[in-house]
Structures are given as C-alpha cells and as structure tokens.
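A.B. asks: Sequence and predicted structure below; questions after.
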Amino acid sequence: MVPILVFLALWEIVARLNVVYGHFFFPPFSLVIRELFYLIVSGVLADDFFRSLIRVLIGFSAGSFCGFVVGVLMGWKNLIDKTFGPILSLIYPIPALGWLPLLMLWVGIGDILPISIVFITCFFPVCYNTATGVKGVSPNYVAAARTLGASEIKILFSVILPLAVPNIFTGLRLVAGMAWRVIIAAEMVAIPTGIGALLIRAESLMRMDIIISCLMVLSVMCFLFERCFNYFERKLTVRWR
Amino acid sequence: MVPILVFLALWEIVARLNVVYGHFFFPPFSLVIRELFYLIVSGVLADDFFRSLIRVLIGFSAGSFCGFVVGVLMGWKNLIDKTFGPILSLIYPIPALGWLPLLMLWVGIGDILPISIVFITCFFPVCYNTATGVKGVSPNYVAAARTLGASEIKILFSVILPLAVPNIFTGLRLVAGMAWRVIIAAEMVAIPTGIGALLIRAESLMRMDIIISCLMVLSVMCFLFERCFNYFERKLTVRWR
Amino acid sequence: MPCIELRGVTNFACRDIDLKVENQELMVLLGPTGAGKTTLLNIVAGLIEYEGSVLFDGVSIDSTSCYLRGVGYLFQDLALFPHLSVSANIAFGLKACKTPPFETTARVKEMMQLVRIENLAHRYPRDLSGGEQQRVALARALAPAPRILLLDEPLSSLDFSTSKYLRMELKRLHREFGVTTIYVTHNQREAKEMGDRITVIHDGVLDQTGSPEDIFFNPQNQRISEFIGSPNILECEHSRDLGMGLVEIKTRGLSIVVPDDGQKIKKIAISPQDIYISANPPPGPDINRFNATIVEMFPSSSLTKIRLKVGDHSLLAEQPAEVVEELGLQSGDE
Amino acid sequence: MPCIELRGVTNFACRDIDLKVENQELMVLLGPTGAGKTTLLNIVAGLIEYEGSVLFDGVSIDSTSCYLRGVGYLFQDLALFPHLSVSANIAFGLKACKTPPFETTARVKEMMQLVRIENLAHRYPRDLSGGEQQRVALARALAPAPRILLLDEPLSSLDFSTSKYLRMELKRLHREFGVTTIYVTHNQREAKEMGDRITVIHDGVLDQTGSPEDIFFNPQNQRISEFIGSPNILECEHSRDLGMGLVEIKTRGLSIVVPDDGQKIKKIAISPQDIYISANPPPGPDINRFNATIVEMFPSSSLTKIRLKVGDHSLLAEQPAEVVEELGLQSGDE
Amino acid sequence: GGSPGTYAEQMEDPDSSTIPIGMAVEFMDHAACAFVAREMGWYKQEGLNISVYESYVTGMALAAAFARGDIQVAYMCLVPAINLYANARVPIKIVAGTHKYGYGLVINPEKIKTVKDLENPDIRTGCVGEGGAVDVIMLNKMIDEYHIDKEKISKNIRRMSPPKQVVAIIAGKLDAAFLPEQWATMAEELGCQMLLTSRDVWPEVQGSVLVVKEDLLHNHPEIVRKLVKVTKKATDWIRQNPDSAAGIVARHLSCARKRLMPTRAGMLDTNLHITPQTISRSMKRMVITTDLEPDVVQDMIDYMVSLGYIRAGFKAGHVLYLNYLYDE
Ligand SMILES: Nc1ncnc2c1ncn2[C@@H]1O[C@H](COP(=O)(O)OP(=O)(O)OP(=O)(O)O)[C@@H](O)[C@H]1O
Ligand SMILES: Nc1ncnc2c1ncn2[C@@H]1O[C@H](COP(=O)(O)OP(=O)(O)OP(=O)(O)O)[C@@H](O)[C@H]1O
Ligand SMILES: [Mg+2]
Ligand SMILES: [Mg+2]
C-alpha cells in the first residue's frame, strides 16, 4: 500500500507544480477524485462500468481459457506446436482494426463484437505463457508419473499443470491488464455503452477530467484482477515453492 | 512451412466460396498478393514500411530492454517487487488513448510519439515474464553459486539469467507481435507516414485490399521476429534443455 | 509376476545386452559407476529409446508405452513431485490406477509405516532430508504393488541400521509377494545379501551373471575380479582342523590358517587389500606370514598393485602408494 | 585454515549445538538419517537462518554473507548447474574469484583427473550417471581450494573401489593442505577410516564427540550404542596367546578366542548381529560357544532384541524375527 | 482573448516564412480548400512555412497538440472547434469558415422509407462518437425537427467511425447513418439512399472552419491574415471551377503522400475508390464559402449547451475573430 500512496502523492505534487496547460492535461489526483465522485453519484459511471465489466469478464475468461487449452496442447505435444505455432504467429499481429470488418460480418454489431476483441487479445499471451510453462516441466517428473501408471491425461493434470502454474498465472496477469486496456478500442465499434464508450465520448468532448477518471477505474480494476491472481497463485504454489 | 501453406490454401478457398461483398471484406489470398505486388512496385509500401520498421525496432528494443531490467530487479529482490509491482499494475492498463495526450504534451508530434507508444506496449509483458522466470530459478543453484564465492551480480548473470531464458524469450516473442500491432494505432495519430498511416488512409477510403496487404506485411514481420527469437532461444538452451 | 528378458538391447550406454530375470527373482545389478545400470533400468521401464527388444513373459513390450508396463521404479535421483506432500506422493500411483480412496489411505499409511516416515505425511519433499526423501521414493514405488520392481540404489543415502532394516523388509516383501525385482547397487555386501542372482555390468556390457558365490569366487574376467577386488583364489588341497574353530589349509606349499565356519573348504579368496607387505617381521604371532618376491608392480595414482611370488603361487597385492614409498619396494625385492 | 566453532546453534533441525572443529582437522559428522547433518552444514555455510553463533577462528561470521565465508560445499543433492558443461561447472568457483584463465583451465583439468572424469569435460549434467554427477560436484567443491570444506555424503553413490580411491585421495589432500573439513556420512566404516575425530548427531543434538575408538568402544549413551549397533563390551581380564595369531581372552568366566592383531587387548566389542542363537549345537568346532539363558526379548517388526545371560554377563543379541519364530525362542529358554 | 481589433495594431513580423506552422487537416473533402491551396502552392506563394498533418488527430490529442504548439492552425468542423475552446480550454480563434453543410442521412432503402421509420425497433442507426462529432448533433437536430422519439432511436444506436458505418450499411449490419461527406456520397453510390441532408435538417448550418491558436494571432497576425486570404482564394476558385477542384481533391485523397495508391486490384470486386465524380457530387452538397455568421455559430453553441456537451454557454464573439475575413 505504501508505494501506491507515495505514487499518488507524487502525482498530486507534480500535477500541482505543473506548467501552463499541463494542469488541464494532467490534473492533480485530488481533482480527479472529485470528478470521479461526481461521476459515480451522477450514476453515469456505474452503468457503463458494469456493462464493460461484464464484457471484459466474458471475453477475458473465454479468451484465457481457449488460450490456456491451446497453450497446453502446444507445450505438451511438439507436433501441435509445430503445426499451430506458425499460423498463430501469423494471426497474432493482426490489430483490432484488421479484425473489426470480419467480426462485423461474422458476429454483427452487438455486445459480441467487443467481447470477441477482448477474446482475441487475451488468447495469445495466455497461450504462449502456458506453452512455455508446460514445456518447462522437468521430464524427470513426467517419467516418474509414467512409471507410476499415470495416463498421459492424468500426468497432464496432476503433474504438468500444477508445475506450470506460475507461468500460466503470469499470462493471466498480463491479459487481465490488456483486457481492460483493449476494452476501449473494442467498444469503439459497439452499442454506445460501457466505459470505453464513455471514454471516447469524453475524448471527443475533450473532457480530460472524465478521461482520467475512467482511466483510474481501469487501473483499479486491473489492480484488483492482479491482486486476486496473485492470491490464487500463492494459494496454489506457496506450499512447495 | 506445410501448415502455413495449408492455411493459405484454406484462406483462398473460403474466400472464393464467399457470399456477396465477401470478396470485399475478405478477398482471396491471390488477390491480396496481387495488390501487395502493386503496392510494392508503386513504391507506396516500401517507404512506409521502412519507417514503421525503424520505429518498431527502436521502440521494441528500448521497451524490451527496460522491461527486462525492471523485471530482473523485481524477480530478484522481493523488496523491489513489493514496491514497484502495485504501481506497475496501476499504470499497466492505461491504453494508448490515455497516453496520447500526455505524450503529445511531452514529446510532441513526431517519430518519438509512436516509438514511445511501442515502448510502453513492449515494457510490461517482458517485465512480467522476466520476473516470473527469475523467480522460478531453483534456490539450490543460487545456494551452490553462493558457496562457490560468486557475488550476487555474478550469480545473477551466470546462473539466474541463463536459467530464466525461456521465460524471457516468451516475453520477447509476445511483444514482438504487440509492437507490430500497436504501431498501427500509434501511427494513426498525426504521423502521416508509416504502415499505420497507410492503413488508416486505406480504411477511410475503404480499400480493404490495401488494408489486408498491410496486415499481411505485419504478419510476415511478426513471423520473422518470432522465428529469429526461436532461433536464438534454441541456441541458448538446446544444449541443456 | 512376469519374467523379464532383454535381447540384444543397445543404446548410448548399453551394448548388446542379453539378460533374463526369472519370475519372482531378485536380480542384483552390480557395477561400477557409469556402467549403465540406470540406463538399463530406464530401458526396462520404457523411458528411453533402445534397439533390441525387451520381453515380459516372452511377450515383446517394446511398443507398450511406459505407463502400461506396470513397473515400480525407484529413481536414482528420486524425482519426488515437489508440489505434492509426502502422502500425496505415495498415493499418486494408487490414484493413477483408480484405487478406491479408503484403500488408498490405508495403503499409504501402511507404506509410510514400512519405511518409517509416518511423522512426515504432510511435509513437502523440499523440507525432507536426503534419506527421508529416498524412503518416500521407495514407498511411492512400492505403493501400487507393481508386478515388476526396479530399484536404483534404493538405500544409498541411508545409515547402516535403517538400510539394514529396509533390506530385511525388502527381502520379506520379496518372499511374500515374489515381485520380480532388479536391484541396482554398487555395494558388494548389499549385493551378496540381497541377490538371488547377481549380474555384473561394465561399460554397458554384462560380464557375468550367476549366484553370489559364483561371482565372488570365480570371477570370469579381469575386470570383474578387479571391480570386486580380484581376490587371489587358492585351491585348497587338504586341510587340518586345529581345533578352536581354526583350520590349517595346505595349498601348494603354503599353509594358511583360517577361522572355520563349520563347512568344508574348497577354495579360499584373499583380496589384495588383505595382504600386508612389510620389510621387517611385524610383531605378533607368526601366522599366515610368508616371504615373497615382488615380481612386478603396477603403480597407479594412489594404489600400487604388486604381483608377488610366494612359494609357487603368484598373488596380487594392493598397497597404498605411500606405504610402497616408505618401504621403498621394488620389483625383485625379497 | 580457520577452526570452526558453533555456539548454541539452534533452528528447525538443530537444538543448541556446540561444536569445535580444530584447525586442519577432518571432523566426521556421523548420524542416522534425518539427524540434522545437512542442516548443520547449511548453517556453517550460511545458507539458512539459525540462532546462536558460528565462529571461524573465534570471529563470529553470523553476519558474513555466504559467498564471503570461503567454504567449499558438496551438496547432498549435488545442485550441478544444468546449463553449464562439466568443465564449466568445475570452473565456476574459479571464475567467481577471478582466477586467470590459464590457471583456471589447468586447475579444472587437474580436478577432473583427480576424480577421474576427464572424458566427460563437455557433457552436461543431465547426461551423467549418478556417480559421475557426484564426482563432478566434488571436483567443483574442491576446485577453488577453499579454506573450509563441507562434504555431505560425498561418496554415497560410488562403488567400492572408486570410493576407496577417492577416500584415499581426500585423505592425501587433507594431509597436504590441511583444509578444515566437516565430512558428513552415515557409513561407520567410512567414518572410522576418514575421521580425525567423529561427532555423532541425533535428532539435532550432538551426543558425543571424540576419536573413532572412543565412539565405538565406549558410546556414551543408549542411542549411540544402538546406532552403531550397541556392541556388548566385555572387559578383558587376562589373555593367553594361543599362537597362530589367536588369543584366548578370559572375561568373568567366559573364554573367547579372537584373532590377534598384535596389540594388547583391553576390551572387546561384540555386536548383537554377530551373536548366533541356536537350539541344538551347530556343527564345527566348539569355539566361542556358550549356553545362555534368555532373560527377555524385545520383538520389533522384523528384528528381535534378545537379552541373554551368559555366565555372569548379560549380552544383547539381535535375531531376525523369523529365526526367532522357527526356533520358537521364549524368555527363560536355555 | 481581448476584444476584436486589438490584433490589427500589432506590428508585422517581416520574415513570416521562417516561422514553422503546424496545420491539421481532416482527411475528407470537407478540407477541400486546404487541398486545393496546397496543390496550387498558394501557401508557399504567401511565404508560409506550413507543415501539414493530414491527420486523424482528434479530441484530446488535437487539444494537446494545440496546447503544446505543434499544431497552431486547423481546418476542422465547427463542433470540435467549440469543444476545443470550451472544454479543453485551448485559446483558439475561429478566423474563417470553409463550407456549410456537408452531412447526410443515408439509409437502407429496403428497410426505411420515411424518417419516421427510424423509430422502428429493428432499425440500427450508426453514429460516430457521441458529442464530439457533428453527426450526432445533426441526429439530435433531426430528432427535434421531425419530432421523432429519441428513446426509440438511441436504444439501438451503433457507434463507429464513418468508413466503418458505410461498410456496415452495405454489409446490412446498419440501416441508417448520419455521415459526413464524402462518405455519405460514397454510401449512396454503393446503393444506399440519401434521405436527408444537413441542409434539410438545419438550414445554414456551418460545416468546417479555419481555427488558429490565439498566440499565433497575437504574435504573427500577418500569418493569420495570409491564411485567411489563401483560404478565401481557394474557396472562390473551387466555386468557379468545381470539376477540376473535384479532380484535385479526389487525387489528393487517394494519395499516400506523394504517390497514388494503386487501384487495379482494388477495383476488381467493388468500386470503392474515390473518383472525381464522387467528389464533385459530394462537394455539390456543400456550400464552399468562407462566410461565417456569428449567429449560426451562436446557435450551435447554444444547441451544444442544451445537449450538455459543453458546460456553460458563451458569446460566439469570444471564439470568433473575423476581422481578416471581412477587412478586404
Ligand atoms: N543422456 C545421455 N546421453 C549420453 N550418455 C549418457 C546419457 N546418460 C548417461 N550417459 C552415460 O551412460 C553411462 C551410463 O550411465 P548410467 O546412469 O546408466 O550409469 P550408472 O550405472 O547408473 O552409474 P551410477 O552408478 O553412477 O548411477 C555413463 O557413462 C553416462 O555418462
Ligand atoms: N526446510 C525444512 N523445514 C523443516 N524441517 C526440515 C527442513 N529441512 C529438513 N528438515 C527436517 O530436519 C531434519 C534434519 O534434516 P537433515 O537434512 O539435516 O537430515 P540429514 O542429517 O541430512 O539426513 P540425511 O542423512 O538423510 O541427509 C529432518 O527430519 C528433516 O525432516
Ligand atoms: Mg545410476
Ligand atoms: Mg542430508
């Protein structure tokens, strides 16, 4: 907690000591909090926030899950790695801009669109990290499990995955942030609700205070996500790491 | 290579069998290649491409390097982790949209703008993955190195980092794609050059063919990046993994 | 329980190995370090590539994947699962073959009592001592009651009494359940004590297979005799009981007094380390002491092998280098 | 070379340990598994937390960080660097203390010859056998010529001849350079052979410290005597030379014949395992054989301790459970 | 800003060409006059050292660029200009207009016949960012003018950038959209129907304007004067020969910097590319003029206040500075 407080204090100070115009583009923490408060009481934020939250949660969990599965397969069976690896690395760099038209055609313009953008974003990092983690498991343990009569599946679930947990969670922690980051871009083509839409509106209205309030919401959300991932990871690994 | 060819063949077929306007949204591979060819000969692409390439390279290497350093510190010294971890996870989810105004103020319109956006994008994944890798090194090896009289630094460089290589490279592979993905968004703003600019132009003229050609360039670049990372990683780890 | 048969098995560490371990037999695999013992076990367990073929009960199982071979394997580097507690480690094999929970717990308890680690049930391998880890690994290998047991130096890091206890326990288990077992060790006493038969491996080649007596009394080649200390085998021509449990043995002009173990003596083996050379007669009674001529010496970094001529025997003695120096021994000395 | 002193060292596995290892001494740390040996070494090396204080040459080094203590440590789980070749592993310590390259290579070569692994220089630990790994670890620990040497079961997975050779080499090195050494083992013979002094540790408590003879002939408490096999110590009242290297020893009504090692005998120790019990007289000469009365029996899972009354001695014997059964021994039997 | 007329007294800086000026230009035919002026090289003739950002700088980024001074001049729509002044508090002055109108409601003729049909629950209306862009203003105005139920429309509004709206309409994912030119016309050419134009919805509504930063006006009034002059010249020229102007704009729009984007493969499946015909049709829908009535601006300001886009209303006079526009 302390570092965060320090950080905020720093922010306040820097902002207050700022050059002309700076004050507007980089308002002090206190102001933002005030604005945030107004936004919350006025109820504008809550609604948008929850819609975004739901989109993020769905996209995130779906994307991470698929990424996880594919990653496990790639890390586990070298053949699959060789097969999908190149294709993934071809698809990976396609930005939202590239996906939008296709998605528009496939899923239409509705809640699914931003969700699927979040999905795409979450997929790759989890996939890559999981694969690395799975590959990293020492073959000795796998051999031991084999001799104990564990089937490949059993080995996967009771040996490989538990040992790959740290990497998997790194992936999750990464995409937790990205999901919140990309929801903005995702909601650029959507039903005009959600924190992204709010942000765009504020953006085009040039309302810096609202923008920063939204960003703070993002930050806090990502922070919470990260916390609980850390919590779960510790729960899963602390006893043997 | 085979899987890629299969993939492209599939693309061609699906595109050719497509519905009305399908060609427009989802042109077959052959068409895109033709367009790509025209783009190249007309010289439009080359110039933009190289500008983007340079920006990506600079932003990528700088961002990865800083991410690497911070990640090492965080994984190495728990105190630093506790200190910076929360702050990073607060800053992490801020999207490009959020950074733009501040960057505009600080670095102004120019090549630095997209570079710094790439930088920000590359920083976090490398940082997180490196930290995970460093934390993952078995304490036994560290202890052994200690008793052999190696100083902390020496241990870091000759034991911890070599063993963390796989994670570090996962991070790099991740951001290689992101860098190319985000350069678009970065160049859409105010910078009238680079593939991003070309893309946004094509988009506002709804020239799907050009868009897809650009995306293909991105894909290929990311693919190449990934290849050479794989190559280096193998070089570094094959003998003992 | 199946019998294990290896036919022309070859890989990086084994060269054309033929071996048959009878049903219910406990075969000790004895060999110096780097001989290929672990590799051989890995081959039987199906963990590494090899040419040639491995048969259980005459059926080739080269294509049978490891986890169907039903072997219990105690790895030399124990490979305990770091993320599982001791009890979970032991239970792993049972869970893998779908043992009902209550049986599992019972079996785990039993195993932990067998290897005397009841008190560590909830510890994690990281927090165990070397010997404790080894015992956990042993328990883990035994728990699923495998048809074949591969033990790679199962007692190497246990103290005498514990290992003695476990040797007896293993013996007992083997008697009771007759699990076909390959028992790797580099300890000759262990080998002698445990083995129905012993097979000696050297540089990936099986030199000799036979009963303990076989191996120790007539090693079939130089390497073995060197490995087990190349005893000087003396044919016993005729022996005279001295009473008080001693026999005097006449063998081509030498008479040697040995304690009598009640049974008739045909051969005696004197290991080179047991031959002491000194220039001037040492104190004490003059027994088993002869004048010898040094025929030749093979100095090595720290040990010197010395071929002695005693009567019309030629014996091989082994002396620490420094002894040799201080005695200033040379060929031809008396 | 410093002397090592531990004062009231305490942690999860050690309880209030006081120990002084003299300069240039080779102290053997003997104890059953789980006694706290490894932990003790870790404490000396400064790898884990502890209360109390450790002194080198009387100077407390509790605050000295591990890599400045200048100890060479052979870990029980060898902890070879998987990403470095054998030679690189051995060279690590030298590089760490900025040895010039050519010296390094020379030293590495020397070490590899010492432990006989020249041919493995470019292998990686993954591809080594257990014993080879152990020798690499030994070489790595020795290479930087440390002031203090901590060896945790350095020979546990080596065959007899190799380990014998290495024991002699270690002895020689110790004589030459007099590195203060703590040598952990659970093997009594090794302990006897290597140690200037031996200290016995049990459940994290030092029971006894002294010369090998001390420990083995008058163990100071039950646990030690049990650990080293609780020999029955018989005071020797007077002895008679039978000639032929035999002595008859009279001790309160018993006369026992033992082979004579030339020196005067004061006590003899008979370990329980060496006492054989049989109902009817076995064949062979009637030597060292007495009628005894079974006073009491302590049956355990597989071994039965039997207290015998022989003359006016009471001896402790140990018999395998099944022997006991088939003989149907009971208290009070003759 | 001070009262009008104060700047005229400023003494003129002789070598105005040395001062580099960043100019933001929207990448659509709203900025026709800028394109033409560049093509003709009139800025150079006036000795203006202008670096043009044919940019997509919008909202905050633009504001920041203005604030920092990287951009001092911009051809932009009136609404963002007002936001810039009122919300971002960037001291700017609007010194000239460039055109009136320039928006149109394009619809899918199968599903929509009259404006009232927009209320139907299955009608999805496209729209750019709420508030920032003009189209939403137009939408609201239309709602007021034609007495449509706002709720019913806003229930299924889809927001996305104009080009995406066109794509969406022709892909049948949208049914109506209030688009800025040239996209409105392009959509029309792709089979949509233009139901309304901004002219019908809001007579005399101002399209884009020429915006300069106050500092520039303050320190280098002569530069601003020249800018206005060039703009005027350009608009006049466009009015006189619209077709060649359309050609220039079309070529300019389909340029990636100096080079034309190839169009061969692009034309295979769709005529999605900018032809002079498209542009001229599109430009005929606007009134290209620098005239700018304060009342119109005031109306816009008041309307934005009523929509709650800007916090407090203000006198149009504060943001306008039309001396150079009308002093010749
Ligand atoms: N993966 C490998 N690739 C190449 N050579 C190997 C590999 N693993 C082991 N070896 C070599 O094969 C030989 C036999 O190894 P193995 O582990 O079977 O010896 P071992 O009999 O178990 O010795 P120890 O008693 O020390 O365990 C050794 O010389 C070792 O160097
Ligand atoms: N990290 C730990 N936390 C708690 N207890 C531990 C930890 N490490 C070891 N122990 C316990 O401390 C005791 C001593 O461990 P130690 O490794 O010193 O035994 P040891 O003498 O080396 O035995 P061995 O000869 O088997 O290696 C053991 O009972 C072990 O279970
Ligand atoms: Mg082995
Ligand atoms: Mg230990």
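C.D. replies: Thanks, I have it. Ligands and ions are numbered 1, 2, ... in the order given.

A.B. asks: give the contact list for the residue in the stretch 151-300 of chain C positioned nearest to ligand 1.
C.D. replies: Using C-beta to the nearest ligand atom, the closest approach of the stretch 151-300 of chain C to ligand 1 is made by residue C:186 at 5.4 Å. Backbone N, C-alpha and C define where each C-beta goes, glycine included. Residue C:186 makes contact with C:30, C:31, C:32, C:33, C:37, C:153, D:131, D:157, D:158, D:159, D:160 under the criterion C-beta atoms under 8 Å, 6 or more residues apart in numbering or on different chains.

A.B. asks: Of all residues in chain A, which one is nearest the centre?
C.D. replies: residue A:176 (2.3 Å; C-alpha atoms, centre = their mean).

A.B. asks: How much space separates the residue of the stretch 151-300 of chain C closest to ligand 1 from residue D:75?
C.D. replies: Going from residue C:186 to residue D:75 by C-beta to C-beta, to the nearest Å gives 20 Å.

A.B. asks: residues contacting residue E:287?
C.D. replies: When contacts are counted by C-beta under 8 Å, 6+ apart, residue E:287 touches E:99, E:100, E:101.

A.B. asks: ok so, going back, tell me which of the contacts of residue C:186 is nearest to residue A:208?
C.D. replies: Using C-beta to C-beta, residue D:157 comes nearest to residue A:208 of the contacts of residue C:186, at 69.4 Å.

A.B. asks: can you count the residues close to the closest one?
C.D. replies: By other C-beta atoms under 10 Å in any protein chain shown, 24 other residues sit near residue D:157.

A.B. asks: A strand includes it, no?
C.D. replies: No: assigned with DSSP: H, G, I helix; E, B strand; the rest coil, residue D:157 falls outside any strand and is coil.

A.B. asks: Got the phi and psi for it?
C.D. replies: Phi and psi for residue D:157, reported as degrees, to the nearest 10, are phi -110, psi 40.

A.B. asks: what's the nearest residue to residue C:220 if we skip its chain neighbours?
C.D. replies: Nearest in space to residue C:220, with sequence neighbours left out and distances taken as C-beta to C-beta, 6 or more residues apart in numbering or on different chains, is residue C:208 at 4.7 Å.

A.B. asks: any idea which helix or strand carries that neighbour?
C.D. replies: strand C:205-210 (DSSP states H and E).

A.B. asks: Is there any residue in that strand that contacts ligand 1?
C.D. replies: No: judged by C-beta under 6 Å from any ligand atom, strand C:205-210 makes no contact with ligand 1; its nearest approach is 11.6 Å.

A.B. asks: Could you list the paired strands of that strand along with their orientation?
C.D. replies: Applying DSSP bridges, strand C:205-210 is found paired with strand C:197-202 (antiparallel).

A.B. asks: which residues sit against the strand it pairs with?
C.D. replies: Residues outside strand C:197-202 that contact it (C-beta under 8 Å, 6+ apart) are C:17, C:19, C:25, C:27-32, C:35-37, C:40, C:191-192, C:206-212, C:214-215, C:219, C:223-224, C:227-228.

A.B. asks: Just send the contacts of residue C:186 back as JSON lines, with pLDDT and secondary structure too.
C.D. replies: Listed next are the contacts of residue C:186 as JSON lines, based on pLDDT from 0 to 100; DSSP: H, G, I helix; E, B strand; the rest coil:
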{"residue": "C:30", "pLDDT": "89", "secondary structure": "strand"}
{"residue": "C:31", "pLDDT": "88", "secondary structure": "coil"}
{"residue": "C:32", "pLDDT": "88", "secondary structure": "coil"}
{"residue": "C:33", "pLDDT": "89", "secondary structure": "coil"}
{"residue": "C:37", "pLDDT": "93", "secondary structure": "helix"}
{"residue": "C:153", "pLDDT": "91", "secondary structure": "coil"}
{"residue": "D:131", "pLDDT": "92", "secondary structure": "helix"}
{"residue": "D:157", "pLDDT": "85", "secondary structure": "coil"}
{"residue": "D:158", "pLDDT": "88", "secondary structure": "coil"}
{"residue": "D:159", "pLDDT": "84", "secondary structure": "coil"}
{"residue": "D:160", "pLDDT": "79", "secondary structure": "helix"}
